[in-house]
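Asker: starting from these lines, generate the structure:
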Amino acid sequence: MISRIAYTPHASAAPRRAKSLMIQGTSSDVGKSMVVAGLCRAYARRGLAVRPFKAQNMSNNAAVAANSDLPPGPYGRPPHGEIGRAQALQARACFAKPSIHMNPVLLKPQTDIGAQVVLRGRVLGNCPAKIYHHMRRELMPAVVDSFERLARESDLVIVEGAGSGAEAYLRASDITNMRFAEEADLPVIFLSDIDRGGTMGALVGSWALLDEADRARVVGYIINKFRGDFSIFEPGCKTITARTNWPFLGVLRWFPAAERLPAEDSLALERAAAGSRGRLKIAVLRLTRAANFDDLDPLVAEPDVNLKWIQPGTPIPGDVDVVVIPGSKATRAELDLIRREGWDIDLRAHVRRGGRVIGLCAGYQILGRVVRDPQGLEGAPGETEGLGLLDIETEMSGEKRLVEIDAFDRLTGARVSGYEMHMGRTTGAGLARPWLELDHGDGVFSPEGAVSPDGRVAGAYLHGLFAGDAFRSAWLRRIGAQTSQLDFEARVEATLEALADHCEANLDLDALLALAR
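Answerer: Numbering: from 1, shown residues only. Now for the predicted structure:
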C-alpha cells in the first residue's frame, strides 16, 4: 500500500543560483555514478560549491541522510531519511553532507515486480511496478522542488540520469531523464560504456529514439571505460558525430581503482572478484534482494581475508571460517531461498564444526526463531520460521528506523560508527547477551544485537561495522586473522581524489563547465 503523496515545498522564493549539467547513459551500468562522483570532486577542488542530484534511483544499497523537513528525533539527534548509496558517495566527493534532496525518490526492489517507494527519505509504502509507472508523474513536483533547493545553495549541480536516457516508451511518465531535463531546463551529456561493446549503436540509437526537442538538449557525448589505443576508435567518433550532430567531448579511460568505491547495483555481485587470497575464508550468502552489501567492502580490502559471495546453486564450502548473512529487503523470502538452496543445513553443519556466523540487519533477523509480518510490509502477511541460531524473534511493524549511531563492541571496547536502517522490532532472551552498546550521547547507552552462548553466532542491526578500523582489527584478531594497517576511510578518500585526477587528465573540465547553465 502507498500512503498519500505529500511533501513540504521550500518556502524561499530565491532564484536558482547554480549552473547545472546532466549526465545520462545509453544504458544502465555505463558508469554514470562514478563519473558524476569524479566530476563532483574535481569541481569541488576548484572551490565550487557542488551538489549531486538523482531524481529517482532504484537500489537496495542506501545510506542515511539529513532530513531538514522533520523535527529532531530521540536523544535530540537530527532526523534522517535514506537515499541511494551512490548519491551519498557523490555528496562526500563534494565535501558535503548527504541530504534527502539529493535523491528524492528511491525505489528499493522487494520482488521481481514491486518495490518499496521512498519519497524524500521516508517510506511511502510498497508498490507494484505497473502501478508505480502510472503514479510517478505525481512525484514530479517534489522532485523539482528538491532540485531547486540544491540549486539555491550551490554553484553547480551535477545531475545523474537513470538507466537509459532514450527509453521513449517511458517519456510521458519519466521523472528522471529527458522529461526532468526539460522540466529543469538542463543541458545533457550522454555517457556510453565502450568496454561492453556497441558504443556506436548505443549512441546513434539513442539519438534515433529521441524527439527533436530532446536531441537538441544534448550538448555532447563522452566515451567511458576505454582501454587501448584510442586513435583506432576515432573514426567511430566521427561517424557518431556525423549521424547525431552531437559533439564528442572526450574519452575516459579505464579506471582500475573503481572497485575500491562502494558499488550501488547488485549486478556488481554477479561479477565481483573474490578478495585477497588470505587465510581467513569468509562466505557471504548472495540473497535475492541483498541490501547494503558495501558493509563487506572493508573486509575485502584486508590482505588476510578471502571473501567470496556464494551464489544460488552453490553450497556453502565446508572449509570457510565465517559465514555472513547480509541485509535484504525481503527477510521472509530470503529464508525461503536459504531453505530451497539447502543453506540452512550447511549453516548448521558449519556451526557444529565450530564455524562462526554473522548476521547484519535482515541477516540478524534471519538468525532468530521466527520473523512475523502481520501487516504484509515486505510481502504477503504471515510468519516464517527462522534459522534458530539466536534466541530472538522479529515482528515487522512500526516506522522504519533511520539513524546514525556511535557504538562499541562489548567484548573488546572497540569503537565504531554506523547507521541503522530497518523495519521490525526484535525481542527475546538472546538480547540479554548483546553484541554492541549504542552510545546516544550524554551518558545514555543501550544494548544492540545478540550473541549466542558460545560466542560463535552474532547479529546486529548496525550497518557500517567493519568500516571502523579499530573494530575490524579487534574482530579479526579475535578469530585468529592477521590485521593490517588499513585506514578504510582514507582509502575511499584517496580513491575519490584519484578519480578526480582521472577526470582532470582525460576530460576538458573547463569546456564541460562552460556547457552548464
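
Asker: rounded mean pLDDT for stretch 480-488, please.
Answerer: Across stretch 480-488, pLDDT averages out at 92.

Asker: try stretch 188-204
Answerer: 96.

Asker: before we move on, what about stretch 423-437?
Answerer: Across stretch 423-437, pLDDT averages out at 95.

Asker: return the distance of that stretch from the chain's centre.
Answerer: Remark: stretch 423-437 is offset 26 Å from the chain centroid, using Cα atoms, centre = their mean, to the nearest Å.

Asker: which residues are contacting it?
Answerer: 123, 331, 364-365, 368-369, 371, 377-378, 390-401, 407-410, 416, 445-453, 458-462 (Cβ atoms under 8 Å, 6 or more residues apart in numbering). Using the backbone N, CA and C atoms, a C-beta is placed for each residue, glycine as well.

Asker: mind checking the SS state of A88?
Answerer: Under DSSP: H, G, I helix; E, B strand; the rest coil, the three-state class of A88 is helix.

Asker: check what pLDDT it gets.
Answerer: Looking at A88, its pLDDT stands at 95.

Asker: one more: G76?
Answerer: Looking at G76, its pLDDT stands at 50.

Asker: now do the one 4 residues further on
Answerer: According to the predicted model, the pLDDT of H80 comes to 83.

Asker: so it sits right up against A62, yeah?
Answerer: No - applying Cβ atoms under 8 Å, one finds H80 not in contact with A62, separated by 11.1 Å.

Asker: the more surrounded of the two?
Answerer: A62 (29 against 24; other Cβ atoms under 10 Å).

Asker: follow-up on the earlier one: so of the contacts of stretch 423-437, which ones are in strands?
Answerer: Among the contacts of stretch 423-437, DSSP state E puts 123, 371, 393-395, 401, 407-409, 416, 445-448, 450-451, 458-460 in strands.

Asker: put the buried members of the residues you listed into a ChimeraX selection.
Answerer: A single ChimeraX command selects the buried members of the ones in strands among the contacts of stretch 423-437 (16 or more other Cβ atoms under 10 Å):
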select :123,371,393,394,395,401,407,408,409,416,447,448,450,451,458,459,460
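
Asker: pLDDT-wise, which helix or strand of the protein ranks last?
Answerer: helix 267-271 (a mean of 52; mean pLDDT, DSSP states H and E).

Asker: after that helix, which helix or strand is next?
Answerer: Downstream of helix 267-271, the next assigned helix or strand under DSSP states H and E is strand 280-285.

Asker: quick one, helices of the stretch 301-450 of the chain?
Answerer: Along the stretch 301-450 of the chain, counting by DSSP state H, counting those that start in this stretch, helices occupy 331-340, 343-352, 362-366.

Asker: and the gap between A458 and G359?
Answerer: According to Cβ to Cβ, to the nearest Å, A458 and G359 sit 7 Å apart.

Asker: and the closest residue to R92 other than its chain neighbours, which helix or strand is it part of?
Answerer: Residue nearest to R92 in three dimensions, not counting chain neighbours: L496, with 7.0 Å by Cβ to Cβ, 6 or more residues apart in numbering. Per DSSP H and E, L496 falls inside helix 488-506.

Asker: against which helices or strands is that helix packed?
Answerer: Contact here means 3 or more Cβ pairs under 8 Å, 6 or more residues apart in numbering; DSSP states H and E; on that basis helix 488-506 packs against helix 32-45, helix 85-93, strand 248-253, helix 469-478.

Asker: could you list the buried residues of that helix?
Answerer: The neighbour-count criterion (16+ other Cβ under 10 Å) identifies F488, V492, T495, L496, A498, L499, A500, H502, C503, E504, N506 as the buried residues of helix 488-506.

Asker: what is the nearest of these to A202?
Answerer: Comparing those against A202 with Cβ to Cβ places N506 closest, at 19.6 Å.

Asker: quick check: the closest one touching L252?
Answerer: Yes - at 4.9 Å, N506 counts as touching L252 under the criterion of Cβ under 8 Å.

Asker: next, count neighbours for Y169.
Answerer: By other Cβ under 10 Å, the residues close to Y169 number 8.

Asker: repeat that for the one 3 residues further on.
Answerer: Other residues within reach of A172, judged by other Cβ under 10 Å, total 9.

Asker: Q482 now?
Answerer: 14.

Asker: cool, A66 as well?
Answerer: Neighbour tally, A66, other Cβ under 10 Å: 20.

Asker: again, but for I113
Answerer: 9.

Asker: skipping adjacent residues, who's closest to it in space?
Answerer: Using Cβ to Cβ, 6+ apart, the nearest residue to I113 is A129, at 5.1 Å.

Asker: mind pulling up the phi and psi values for that neighbour?
Answerer: phi -60, psi -40 (degrees, to the nearest 10).

Asker: for K130, same thing?
Answerer: Per-residue torsions, K130: phi -60, psi -40 (degrees, to the nearest 10).

Asker: from K238, how far out is it?
Answerer: In terms of Cβ to Cβ, K130 sits 43 Å off from K238.

Asker: same check, this time on F53
Answerer: Note on F53: its distance to K238, by Cβ to Cβ, is 33 Å.

Asker: show me the two of the buried residues of helix 488-506 that sit farthest apart.
Answerer: Farthest pair in these (Cβ to Cβ) is F488 and N506. Separation: 26.9 Å.

Asker: surely C361 touches R401?
Answerer: No - checked against Cβ under 8 Å, the pair C361 and R401 is beyond contact range at 10.4 Å.

Asker: which neighbours do the two share?
Answerer: M421, H422, Y461.

Asker: from the residues you listed, which would you call buried?
Answerer: Buried residues within those, counting neighbours by 16+ other Cβ under 10 Å: M421, H422, Y461.

Asker: the second one against C361, yeah?
Answerer: Going back to what we said before, that points to H422. Yes - H422 lies in contact with C361 (Cβ under 8 Å); the separation is 5.3 Å.
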